[in-house]
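Colleague: quick one, fold the following:
(one chain, ligands or ions: 2)
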Amino acid sequence: MDRLGLTAALEQLAHNMTTEWLSIQFKAMGFSGERLPNDLETALYRIVQEAITNAVRHAHASVVGVLLERIEDKVKVFVEDDGIGIEDDPFSVQDRLGLVGMRERAEMFGGTLTVESSPGKGTAVIVEVPVGHSDSYRR
Ligand SMILES: Nc1ncnc2c1ncn2[C@@H]1O[C@H](COP(=O)(O)OP(=O)(O)O)[C@@H](O)[C@H]1O
Ligand SMILES: [Mg+2]
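Modeller: Ligands and ions are numbered 1, 2, ... in the order given. Predicted coordinates for the structure are as follows:
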């Protein structure tokens with residue numbers, strides 16, 4: 001991951017977690033080879049990994065879309081599935097590695113994590129984290 005960079009690492013993750021029954025499609029927008037701070041790349045990778053794991057474990061989805069988007073002074077990540085959706089408050093599960101932990105990770109970087117879901121309509125996990133101008137991270 002440190003070597004690959006976030007975009008390539010997520011591409012590989014999506015590929016590796018794709019199965020015969022579940023297709024995981026990754027897309028990055030607004031990146032032109034620049035890297036984000038290491039600890040932020042790691043945090044975003046873990047969040048996406050856990051969101052895909054949730055889709056695999058809970059959603060009964062057939063497609064998961066992962067979008068990583070660099071917009072001005074933000075990075076946004078969407079992980080959307082076409083599964084069964086969530087009925088109850090998903091943040092009520094006190095799982096260190098679950099949504100509560102994912103939100104904590106986003107908040108450590110001054111960002112937010114929200115979940116949009118309705119039963120039968122799938123689930124979207126949306127992460128937004130502020131980042132400085134990309135030039136400051138070029139190396
Ligand atoms: N993509 C999803 N589709 C359907 N239900 C989900 C999804 N993600 C999370 N959930 C529901 O929200 C709950 C909380 O998720 P999480 O905090 O990751 O805990 P865990 O995966 O350990 O149960 C899950 O138990 C599940 O009921
Ligand atoms: Mg989970």
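Colleague: C-alpha from now on. contacts and neighbour counts both.
Modeller: Noted.
Colleague: tell me the contacts of A9?
Modeller: Listed by Cα atoms under 8 Å, 6 or more residues apart in numbering, the contact set of A9 reads 1, 45.
Colleague: could you do V48 as well?
Modeller: 66, 79.
Colleague: give me the element the most centrally placed residue in the chain is part of.
Modeller: Nearest residue to the geometric centre of the chain (Cα atoms, centre = their mean): V48, 3.1 Å. Using DSSP states H and E, V48 falls within helix 38-54.
Colleague: distance from the chain centre to that helix, please.
Modeller: Relative to its parent chain, helix 38-54 has a centroid offset of 6 Å by Cα atoms, centre = their mean, to the nearest Å.
Colleague: how about it: buried residues?
Modeller: 40-52, 54 (16 or more other Cα atoms under 10 Å).
Colleague: so what pLDDT did the residue of the chain found nearest ligand 2 get?
Modeller: Proximity of the chain to ligand 2 (Cα to the ion) peaks at G98, 4.1 Å away. According to the prediction, G98 has pLDDT 94.
Colleague: get me the contact residues on this protein for ligand 2.
Modeller: Within reach of ligand 2 by Cα under 5 Å from the ion, the chain has these residues: 54, 98.
Colleague: all helices for this protein, in order.
Modeller: Listed in chain order, the helices of the chain (DSSP state H) span 6-17, 38-54, 99-108.
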